[in-house]
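Q: build the 3D model from these lines:
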Amino acid sequence: MSHSNISIFVPHVGCPHMCSFCNQRTITGVQEIPHADDVKRVCTQALTEIKDFHHTEIAFFGGSFTAIPREYMLELLESAYEFVGEGKFRGIRISTRPDCINDEILITLKRYGVTSIELGAQSMSDRVLDANKRGHTSADVVKASEIIKSYGFELGLQMMTGLYLSTDDDDIHTMNEIIKLQPKTVRIYPVAILKETKLAEYYESGEYKLRDFDELIELCAKMLTCFYKAGIRVIRCGLHSSEALKNNMIAGFYHPAFREICVSRLFRNVILKLAKQGENTVVYVSPSSVSMAVGHKKANRIFFDENNYNINFKVDKSLQKDEIRIKEDVFNVFKIT
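A: Residues are numbered from 1 along each chain as shown. So this is what the prediction gives:
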């Protein structure tokens with residue numbers, strides 16, 4: 001089933017914590033908070049522009065939705081709920097913190113047509129959560145996830161790679177723990193260091209050092225395959241592009257084509273497993289996957305040439321976008337690690 005969102009950003013109002021990486025006004029690019037009239041205007045316009053509205057959710061992103069003042073939360077929900085139902089949008093999607101979920105909140109969300117809840121887990125290592133001043137534990141993520149699913153909401157989990165004091169092993173542990181919780185969707189956010197955050201202080205003092213970008217790409221590519229095999233849809237890999245992010249990021253792993261680079265790495269890794277150095281190898285790909293196979297700015301082509309792999313890419317219209325064919329054998333790049 002296809003899926004889309006009408007995103008309405010709710011800035012940082014009500015969240016009881018300021019995480020090491022957080023500068024919420026910067027990441028949303030919005031300073032003024034939306035109100036009922038804003039929600040109605042956005043939804044009314046979207047109904048005239050979106051054809052597949054039955055699969056579309058009104059999404060409140062940008063902050064911890066269930067931590068904002070209750071009257072304000074109800075104002076937003078009531079205004080959005082007018083646009084949910086037969087002949088309108090599928091439902092409402094919200095994002096929040098694991099420690100801002102309970103039965104009373106979930107009953108309220110259900111009453112106002114909320115269909116999906118995304119939790120910012122970020123890490124499943126208590127050591128990493130504490131170091132980054134998250135204000136909740138991994139047990140809170142588990143508890144919140146289980147109760148959300150018990151009420152029939154679609155569960156989404158968000159994780160971050162490259163956090164302060166987090167290692168590759170910690171990030172893989174987070175991925176594995178998320179898989180155990182069986183969310184419907186996952187977002188993978190690589191760390192961006194924003195101005196006026198604690199993480200920026202750690203970075204500028206030398207206490208926090210970024211991992212190598214290529215190593216992070218390899219890690220995230222592996223995560224894409226693991227979530228795929230677990231039947232969990234990765235609906236975002238990489239940070240959303242915005243002028244505010246670009247203008248306020250002092251370092252980190254933002255790239256407008258981050259997911260594409262990760263998928264391209266999967267193509268490279270599969271070819272490396274199947275081809276031999278010094279031998280001519282014809283690799284067939286779908287017409288829609290030529291750029292993935294060749295790599296962002298021809299990175300894969302350059303890598304193969306520099307390492308004596310004689311790879312010749314050709315198009316096979318019978319292949320799916322995630323498949324390659326070498327001789328008569330067809331491989332899905334998400335199924336080979």
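Q: ok, now how distant is residue 217 from residue 224?
A: 11 Å (C-beta to C-beta, to the nearest Å). From N, CA and C alone the C-beta is placed, and that goes for glycine too.
Q: anything in contact with each of those two?
A: In terms of C-beta atoms under 8 Å, 6 or more residues apart in numbering, residue 217 and residue 224 are both contacted by the residues residue 262.
Q: separation between residue 218 and residue 319?
A: For residue 218, the distance to residue 319 - C-beta to C-beta - is 25 Å.
Q: could you find the closest non-adjacent residue to residue 303?
A: Nearest residue to residue 303, sequence neighbours excluded (C-beta to C-beta, 6 or more residues apart in numbering): residue 268, at 6.5 Å.
Q: next one, pLDDT for the one you found please.
A: For residue 268, the pLDDT comes out at 97.
Q: could you do residue 24 as well?
A: Reported pLDDT for residue 24: 59.
Q: same question, residue 234
A: 98.
Q: surely it is within a helix?
A: No - the assignment for residue 234 is strand, going by DSSP: H, G, I helix; E, B strand; the rest coil, so no helix is present there.
Q: hang on, the earlier thing: quick check, the residue nearest to residue 303 in a strand?
A: No - assessed with three-state DSSP, residue 268 is helix; it does not lie in a strand.
Q: go ahead and confirm it touches residue 301.
A: No - applying C-beta atoms under 8 Å, one finds residue 268 not in contact with residue 301, separated by 9.8 Å.
Q: which residues are in contact with both of the two?
A: Contact criterion C-beta under 8 Å, 6+ apart; residues shared by residue 268 and residue 301: residue 295.
Q: the two: which is more packed in?
A: residue 268 (24 against 16; other C-beta atoms under 10 Å).
Q: for that one, give its distance to residue 256.
A: 20 Å.
Q: and the gap between the residue nearest to residue 303 and residue 23?
A: Distance from residue 268 to residue 23, by C-beta to C-beta: 35 Å.
Q: ok, now residue 99?
A: 21 Å.
Q: more neighbours: those two, which one.
A: Of the pair residue 99 and residue 23, residue 23 is the one with more neighbours under other C-beta under 10 Å, namely 23 against 20.
Q: show me what the closest residue to that one other than its chain neighbours is bridged to.
A: Spatially, and ignoring its direct neighbours in sequence, residue 23 is nearest to residue 194 (4.4 Å; C-beta to C-beta, 6+ apart). Beta bridges link residue 194 to residue 249, judged by DSSP bridges.
Q: residue 194: neighbour count?
A: Count around residue 194 with other C-beta under 10 Å applied: 23.
Q: wait, isn't it in contact with residue 250?
A: Yes - the criterion here is C-beta under 8 Å, and residue 194 meets it with residue 250 at 7.1 Å.
Q: any shared contact partners between those two?
A: With C-beta under 8 Å, 6+ apart as the test, residue 194 and residue 250 both reach residue 200.
Q: who's in contact with residue 156?
A: 93, 95, 116, 117, 118, 119, 183, 184, 185, 186, 187, 235.
Q: show me what counts as buried in stretch 116-130.
A: 116, 117, 118, 119, 120, 121, 122, 123, 124, 125, 128, 129 (16 or more other C-beta atoms under 10 Å).
Q: ok, now stretch 73-86?
A: Within stretch 73-86, the residues scored as buried using 16+ other C-beta under 10 Å are 73, 75, 76, 77, 79, 80, 81, 83, 84.
Q: narrow these to those in helices?
A: By the criterion of DSSP state H, membership of the buried residues of stretch 73-86 in helices covers 73, 75, 76, 77, 79, 80, 81.
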